[in-house]
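> heads up, no residue letters with this:
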C-alpha cells in the first residue's frame, strides 16, 4: 500500500512539475506578447485572441475596427493613405458588443482616432460581453483569471515550444517557411499579414460578376431567403447602437471617430427588396437613425459609400453580394482621406435616399 502511495505522489509531483514548466515556458516565450513586445514575434489570424496581445504590445494612435468587410486591409496601407499609426482590430462576424469592448481597450491604451466600418449586421442581438464564448474579456483586461488561462493553456504551451524551436538558428528558416502549413496558430511573421489577402491573389478569379450573381441567387432562393432577416428587429438594433456605438463615443469626447458605411454591392439591398422587404425596411430605418445621431456628435465624421454607383453597380468588384475586392479597399481609404463622401449634418439621409432610389430602379442582370 505504501508503495502505491509513493508512486501516486511521484506521479502527482511530476504532473505539477509539467504544468508549472509549461506555464514558465509560456511566460518566457509569451507568444501573444501580453507581457512584453518581441522583435521576433509571430502572429495569428485568430483576431479575437490576437487583438488582446496587439493592444498591449504595439504602439499606435489609431484603431481600425470592422467585420469581414474591413478584415483584409493592411496596416501599412491605412497608415500611408491616412497619415496615421494604425492598429487593425477588425474581426470577422463580430458584433457591436465585441467591437465596442475591444475599441474601449484600444482607447485605454492610447488610441486618439478610431476608424470604424459600421453596418446593420453588427447590431443584431448577441451574447452579453461578459458571457461571450468567443472573446475572452479577462485576457484583454489582464485579470488573474485571464492570465492564468493563458499561462496554463496547453495550446499556448505548444505554441511557445514551437516558437522556441523556431528561434534556434538552424531551425529558424525551415520552421518559418513551414509554419503556415503546420497545426500552429502563430504562423505569420509580419503583422501586416494578419488576415490579409496574399499579395499574389488572383483578383479576377476571386472577384467577378459571375460569383456575385451566384451569391445573389443563393441568398434569394426560397429555401434561404428567410435568413436575410434573421436577428433583425428595429427596436432592438437601435438599442444596441445606442449602447455600444453612441455610448462608446459619448464616453470618449477627446477621440475622433471616422465611421463609414461600406460599399456593399447593390445586389445586397436588391436581395432584401425582392426576397425580404421587411428586412430592407429595418435596414434603411436603422441606418437613417444612425446617420441622424452620429452627424450630431462633434467628435464623429460619418462617411456613406453605399450609393457610389460606379463601384456598387460594378459586380466584378465583388466576391459575393457584400465583400469587395482589394481595389475597392484602396478606394475606401482614399475616400476617407479626402472626405469626398462625408455625410452632411444638415442632410444626414441624403445618401440613403439616393441608395433607396437606386435599389428601387435596379434590375438584376441575367447570367
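Thanks, I have it. As the structure is a computational prediction, the values presented were derived from the model and not from experiment. Numbering: from 1, shown residues only.
> does residue 356 sit in a helix or strand, and which one?
Element membership of residue 356, judged by DSSP states H and E, is helix 350-361.
> for stretch 300-318, measure first residue to last.
Taking CA to CA, to the nearest Å as the measure, stretch 300-318 stretches 29 Å from start to finish.
> residues in contact with the residue nearest to residue 187 when sequence neighbours are not counted?
Nearest non-adjacent residue to residue 187, counting by CB to CB, 6 or more residues apart in numbering: residue 179, 3.9 Å away. To be clear about C-beta, it is placed using only N, CA and C from the backbone, and glycine gets the same treatment. Counting by CB atoms under 8 Å, 6 or more residues apart in numbering, residue 179 makes contact with 42, 162, 166, 186-187, 189.
> could you identify the most distant pair in the residues you listed?
Between any two of these, the greatest separation by CB to CB is 13.2 Å, found for 162 and 189.
> more neighbours: these two, which one.
Using other CB atoms under 10 Å as the criterion, residue 162 and residue 189 rank with residue 162 on top: 22 against 16.
> what sits against the more buried one?
Residue 162 neighbours (CB under 8 Å, 6+ apart): 175, 179, 182, 184, 186.
> PyMOL command for the buried members of the residues you listed?
One line in PyMOL is enough to select the buried ones among these; burial here means 16 or more other CB atoms under 10 Å:
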select buried, resi 175+179+184+186
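> let's see which of the contacts of residue 162 end up in helices.
Counting by DSSP state H, the contacts of residue 162 place residue 175 in helices.
> closest one of the contacts of residue 162 to residue 292?
residue 186 (43.8 Å).
> excluding sequence neighbours, find me the nearest residue to the closest one.
residue 42 (4.2 Å).
> what's the burial count for the one you found?
Taking other CB under 10 Å as the definition, residue 42 ends up with a neighbour count of 21.
> what do you get for the one 5 residues further on?
Using other CB under 10 Å, residue 47 has 20 other residues around it.
> per-residue pLDDT, it?
Looking at residue 47, its pLDDT stands at 96.
> and residue 106, backbone torsions?
phi -70, psi -40 (degrees, to the nearest 10).
> test my guess that it contacts residue 89.
Yes - between residue 106 and residue 89 there is a contact under CB atoms under 8 Å: 6.3 Å.
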